[in-house]
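Trainee: Kindly generate the corresponding structure for this input.
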Amino acid sequence: MDLDLSMPGLLWGTSPERLEPPSSPHAWRRAAYRRQLAATRVALGAWRERDDDGFRAALLAVRGPLAREGLRGAPLIEVLAASAEAARRSLGLEVYDTQLLAALIMLDRRLAEMATGEGKTLAAALAASVGALAGLPVHVLTANDYLVARDAQALEPFYAALGLKVACVTGGMGEAERRQAYSAPVCYVTARELVFDYLRDGQRRGFAKNDLQRRVAALEGEGRQARPTLLRGLGMAVLDEADSLLVDEAMMPLILSRAVSDSGARAFLWQAWTLASSLRAGVDFHVDAPARRVELSPAGRRQLGDRASGLGGRWRSPRLREETVTLALLAAQVYRRDEHYVVRDGRVDIVDEHTGRRAPGRIWSRGLHGLIELKEGCRPSPDTETLARITYQRFFPRYLRLCGMSGTLAEARGELRRVYGLDMVRVPTRLPLRRGRGPVRLYVSRHALWQAVGRRVAALRAAGRPVLVGTGSVSESAALSCHLAAAGIPHAVLNASLDADEAERVARAGEAGQITVATNMAGRGTDIPLGPGVAAAGGLHVLCCQFNRSRRIDRQLEGRGARQGDPGSTETWLSADMPALAGKTWVRALVGGGCQDADGRLQLPGAALKLMLELNQWASGRADRRIRQALLQTETEWERGLSFGGPGE
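Mentor: Down below sits the predicted model:
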């Protein structure tokens with residue numbers, strides 16, 4: 001019996017999920033995938049010969065063996081071939097071998113590294129449809145509500161051709177709508193909406209963490225009044241941009257809370273802000289901006305203790321007052337407007353550092369968000385009480401079948417295997433990659449960098465090529481925009497402050513001579529179609545002017561060009577005064593040595609510079625992995641200390 005086909009019912013309960021850690025993955029199965037792919041192509045020929053009635057009858061006949069034997073063997077091949085034929089009949093799309101291969105990899109509970117523009121949306125739908133036909137509740141996770149609604153609507157004819165219903169969950173839906181959507185065989189949803197619904201279900205169940213406990217509670221009379229849950233368990237998840245959820249956002253706490261009235265907490269934050277304003281940088285505290293850390297000196301602790309002595313209440317606790325004043329210093333000294341957050345309609349919205357997008361509704365914890373609201377003069381958010389919390393790296397392993405895909409998995413392969421038990425298989429591109437790569441450049445200052453970028457994009461524009469310039473923050477995109485405007489170069493800007501017509505700006509970004517300045521918003525999930533004559537001129541040129549902690553984020557931006565066999569090119573130009581580089585010893589040595597040309601470009605061979613940057617990214621990645629590992633260990637130990645079985649939040 002396939003335990004990973006534990007569908008809701010009498011045997012496995014109403015909400016099955018994985019309660020033990022995932023097992024280690026097996027060895028690579030490339031040869032097996034090739035055999036399965038060949039068998040699927042043979043089976044597809046037979047499905048194409050059937051008329052609609054014959055198609056439905058044959059599909060009904062094979063669903064039974066698929067549910068009994070699991071996602072393996074002949075039933076898997078037959079149903080995958082049927083799904084591919086359904087895509088052709090309902091959507092008019094021919095399924096490529098690369099998409100079938102990606103679906104096979106995901107149905108084998110692995111991650112598929114699939115290059116941008118290779119058809120990940122259809123590959124995910126193929127895998128989801130097979131899982132749903134086996135009887136599993138399937139969740140397909142995409143980046144935002146727009147993509148959730150778009151994909152569910154666009155793929156509805158495909159799922160209907162297989163006798164399946166598809167639904168979606170987006171922000172703003174009520175409880176009844178959500179429950180109905182989750183009852184569909186396939187549900188498209190963002191990770192954030194899904195996890196919060198999972199936490200809400202935990203509140204509905206009370207202390208009962210698994211189905212056995214819920215049944216015991218019902219027998220004892222404790223569960224009779226419980227409201228029905230939203231989810232039907234955690235059967236199968238297909239993750240788009242899997243590395244973003246499983247690595248980049250793994251530590252982000254998702255906190256279910258409720259509003260409470262605590263005027264004392266607001267007064268406490270205001271007092272902390274006032275006290276922090278009286279401390280002296282370099283004397284009372286020291287700032288490490290790249291690490292987002294502030295440390296009070298012994299003199300600062302003494303001064304804080306003296307000034308807080310007359311306040312009483314919470315200020316009597318040295319640990320609490322030092323922690324809160326340190327947060328106030330972080331808000332004042334480290335967190336910057338138009339980089340870490342934007343202010344819109346009198347509200348502080350966090351800017352997701354991985355996507356460059358606003359994250360409305362997300363807040364910093366431990367009072368940091370309220371302190372930044374004080375800093376910006378915004379109306380304070382309601383005080384909240386935490387009801388439940390979880391991180392992605394604790395949530396996703398609870399799926400009985402977890403799989404996904406992304407264009408940038410290789411760098412995180414080891415961590416994905418260790419934490420989630422997920423191996424990675426690279427899917428070859430359907431057409432040869434035609435991406436040219438220029439040497440890395442480093443300029444002495446951002447002013448010199450923006451001047452050089454202006455000259456570069458003007459030349460490319462004259463040649464009829466579109467250019468996408470990636471910047472590290474809202475403020476940097478605004479600074480570059482000012483330089484381009486002063487030079488008389490028409491351009492568009494896409495960032496967290498200017499996101500109202502994102503779809504329109506992205507649609508124009510591939511037109512001849514179009515210059516687009518963007519943050520990471522133009523990275524993951526952005527498809528830039530080329531305009532007439534652009535391919536003949538050389539395709540889209542991507543100019544990366546941001547130093548990311550991870551090479552994967554660089555690759556996401558580069559992947560906007562040279563898609564699906566189209567030509568394109570990419571370059572990386574940086575400046576020595578960028579926050580992530582300014583403190584590096586080797587950067588200071590280069591700047592101090594005066595080895596720069598008249599344009600402010602530091603004279604270092606591109607290959608050597610590329611190596612130094614990659615070493616820094618490797619070190620940053622190692623530090624981030626250690627932090628995630630430590631947090632995971634802490635969470636695991638905490639859960640082990642909970643009573644009566646099941647995982648807790």
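Trainee: residues contacting Asp197?
Mentor: Going by C-beta atoms under 8 Å, 6 or more residues apart in numbering, Asp197 touches Val169, Arg178, Tyr182, Leu230, Leu231. In this view, the C-beta of every residue, glycine as well, is placed from N, C-alpha and C.
Trainee: so is it in a helix, a strand, or just coil?
Mentor: helix (DSSP: H, G, I helix; E, B strand; the rest coil).
Trainee: returning to what we had before: so which of the contacts of Asp197 is surrounded by the most neighbours?
Mentor: Using other C-beta atoms under 10 Å as the neighbour test, those are led by Val169, with 25 neighbours.
Trainee: can I assume that one is in contact with Ser183?
Mentor: No: under the criterion of C-beta atoms under 8 Å, Val169 is not in contact with Ser183, lying 11.1 Å apart.
Trainee: and the residue nearest to the spatial centre of the chain, helix, strand or coil?
Mentor: Geometric centre of the chain, nearest residue: Ser244, 3.3 Å, by C-alpha atoms, centre = their mean. Of the three states, Ser244 takes helix under three-state DSSP.
Trainee: How much space separates it from Arg204?
Mentor: Ser244 is 29 Å from Arg204, where distance means C-beta to C-beta, to the nearest Å.
Trainee: Check the average confidence over the helix of greatest length in the chain, would you?
Mentor: For the chain, the longest helix by residue count, based on DSSP state H, is helix 606-640. Here helix 606-640 scores 80 as its mean pLDDT.
Trainee: What of stretch 451-467?
Mentor: 95.
Trainee: just stretch 50-65 next, same as before
Mentor: 95.
Trainee: so how far is His491 from Asp599?
Mentor: 21 Å.
Trainee: Likewise for Leu59?
Mentor: Where His491 is concerned, Leu59 sits at a distance of 51 Å (C-beta to C-beta).
Trainee: neighbour count winner among those two?
Mentor: Neighbour count, other C-beta under 10 Å: between Leu59 and His491, Leu59 has more, with 22 against 18.
Trainee: Check which helix or strand that one maps to.
Mentor: Here Leu59, judged by DSSP states H and E, is contained in helix 52-69.
Trainee: re earlier: and which of the contacts of Asp197 is nearest His483?
Mentor: Proximity of the contacts of Asp197 to His483 (C-beta to C-beta) peaks at Val169, which lies at 42.8 Å.
Trainee: ok, for that closest one, nearest residue in space, not its chain neighbours?
Mentor: Excluding the flanking residues, the one nearest Val169 by C-beta to C-beta, 6 or more residues apart in numbering is Val189, at 4.2 Å.
Trainee: Double-check the one you found against Leu141; I have them as touching.
Mentor: Yes: using C-beta under 8 Å, Val189 is in contact with Leu141, at 6.3 Å.
Trainee: what residues does stretch 342-362 touch?
Mentor: By C-beta under 8 Å, 6+ apart, stretch 342-362 touches 143-144, 171, 244, 248-249, 337, 339-341, 363-364, 369, 372-373, 376, 378-379, 473-474, 495-497, 499, 518-524, 553.
Trainee: Enumerate the positions of that stretch that are buried.
Mentor: 342-343, 348-359 (16 or more other C-beta atoms under 10 Å).
Trainee: can you put these in JSON lines and add pLDDT and distance to Arg88?
Mentor: Formatted as JSON lines, these follow (pLDDT from 0 to 100; distance: C-beta to C-beta, whole Å):
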{"residue": "Val342", "pLDDT": "90", "distance to Arg88": "44"}
{"residue": "Val343", "pLDDT": "92", "distance to Arg88": "49"}
{"residue": "Val348", "pLDDT": "92", "distance to Arg88": "49"}
{"residue": "Asp349", "pLDDT": "90", "distance to Arg88": "43"}
{"residue": "Ile350", "pLDDT": "89", "distance to Arg88": "43"}
{"residue": "Val351", "pLDDT": "86", "distance to Arg88": "42"}
{"residue": "Asp352", "pLDDT": "79", "distance to Arg88": "37"}
{"residue": "Glu353", "pLDDT": "74", "distance to Arg88": "41"}
{"residue": "His354", "pLDDT": "70", "distance to Arg88": "36"}
{"residue": "Thr355", "pLDDT": "70", "distance to Arg88": "33"}
{"residue": "Gly356", "pLDDT": "74", "distance to Arg88": "37"}
{"residue": "Arg357", "pLDDT": "76", "distance to Arg88": "35"}
{"residue": "Arg358", "pLDDT": "81", "distance to Arg88": "39"}
{"residue": "Ala359", "pLDDT": "80", "distance to Arg88": "39"}
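Trainee: Those: which two are farthest apart?
Mentor: Val343 and His354 (20.8 Å).
Trainee: Could you tell me whether the residue nearest to Val169 really is in a helix?
Mentor: No: read with three-state DSSP, Val189 is strand and lies in no helix.
Trainee: can you count the residues close to Arg551?
Mentor: Count around Arg551 with other C-beta under 10 Å applied: 17.
Trainee: Can you give me every residue that contacts it?
Mentor: Glu411, Glu614, Gln617, Gly621.
Trainee: Can you give me the distance of the third one to Val517?
Mentor: So the one you mean is Gln617. 23 Å.
Trainee: got any ranges where the protein has weak pLDDT?
Mentor: Low-confidence segments of the chain (pLDDT under 70): 1-28, 206-226, 261-263, 498-500, 522-526, 638-649.
Trainee: Show me how the record splits it into domains.
Mentor: The record's domain parsing of the chain by automatic domain parsing lists 27-255+392-426, 257-389, 434-614.
Trainee: First-to-last residue distance for the last one?
Mentor: Taking C-alpha to C-alpha, to the nearest Å, the first and last residues of domain 434-614 lie 23 Å apart.
Trainee: do stretch 361-370 as well
Mentor: Distance between the two ends of stretch 361-370: 13 Å, counting by C-alpha to C-alpha.
Trainee: Quick one: distance of that stretch to the chain centre.
Mentor: 20 Å (C-alpha atoms, centre = their mean, to the nearest Å).
Trainee: same thing with stretch 155-167?
Mentor: Per C-alpha atoms, centre = their mean, the centroid offset for stretch 155-167 relative to its chain is 26 Å.
Trainee: and the closest residue to Asp52 other than its chain neighbours, what element?
Mentor: Once flanking residues are discounted, Asp52 sits nearest to Arg89: 8.0 Å by C-beta to C-beta, 6+ apart. Arg89 is part of helix 73-91, with elements assigned from DSSP H and E.
Trainee: Against which helices or strands is that helix packed?
Mentor: Under the contact definition 3 or more C-beta pairs under 8 Å, 6 or more residues apart in numbering; DSSP states H and E, helix 73-91 sits against helix 30-48, helix 52-69, helix 97-107, helix 120-133, helix 156-161.
Trainee: Reformat the ones you listed as JSON lines; add distance to Ala580.
Mentor: Below are the helices and strands packed on helix 73-91 laid out as JSON lines (distance: least, C-beta to C-beta, whole Å):
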{"stretch": "helix 30-48", "distance to Ala580": "37"}
{"stretch": "helix 52-69", "distance to Ala580": "50"}
{"stretch": "helix 97-107", "distance to Ala580": "34"}
{"stretch": "helix 120-133", "distance to Ala580": "30"}
{"stretch": "helix 156-161", "distance to Ala580": "43"}
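Trainee: Compare those and report which one is nearest to Pro298.
Mentor: Across the helices and strands packed on helix 73-91, closest to Pro298 is helix 120-133 (C-beta to C-beta), at 54.2 Å.
Trainee: That closest one vs helix 52-69, what angle?
Mentor: 70 degrees (axes from the mean of the first three to the mean of the last three C-alpha atoms, to 10 degrees).
Trainee: Can I get helix 120-133 in CSV? Just the C-alpha atoms.
Mentor: Below are the C-alpha coordinates for helix 120-133, written out as CSV (Å, rounded to 0.1, in the frame of the first residue of the first chain):
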residue,chain,number,x,y,z
LYS,A,120,6.5,25.3,-15.9
THR,A,121,2.8,26.2,-15.6
LEU,A,122,1.7,23.3,-17.8
ALA,A,123,4.2,20.9,-16.2
ALA,A,124,2.8,21.7,-12.8
ALA,A,125,-0.7,21.1,-14.1
LEU,A,126,0.2,17.7,-15.5
ALA,A,127,1.6,16.6,-12.1
ALA,A,128,-1.3,18.0,-10.2
SER,A,129,-3.9,16.3,-12.4
VAL,A,130,-2.3,12.9,-12.0
GLY,A,131,-2.2,13.3,-8.2
ALA,A,132,-5.8,14.4,-8.2
LEU,A,133,-6.9,11.5,-10.4
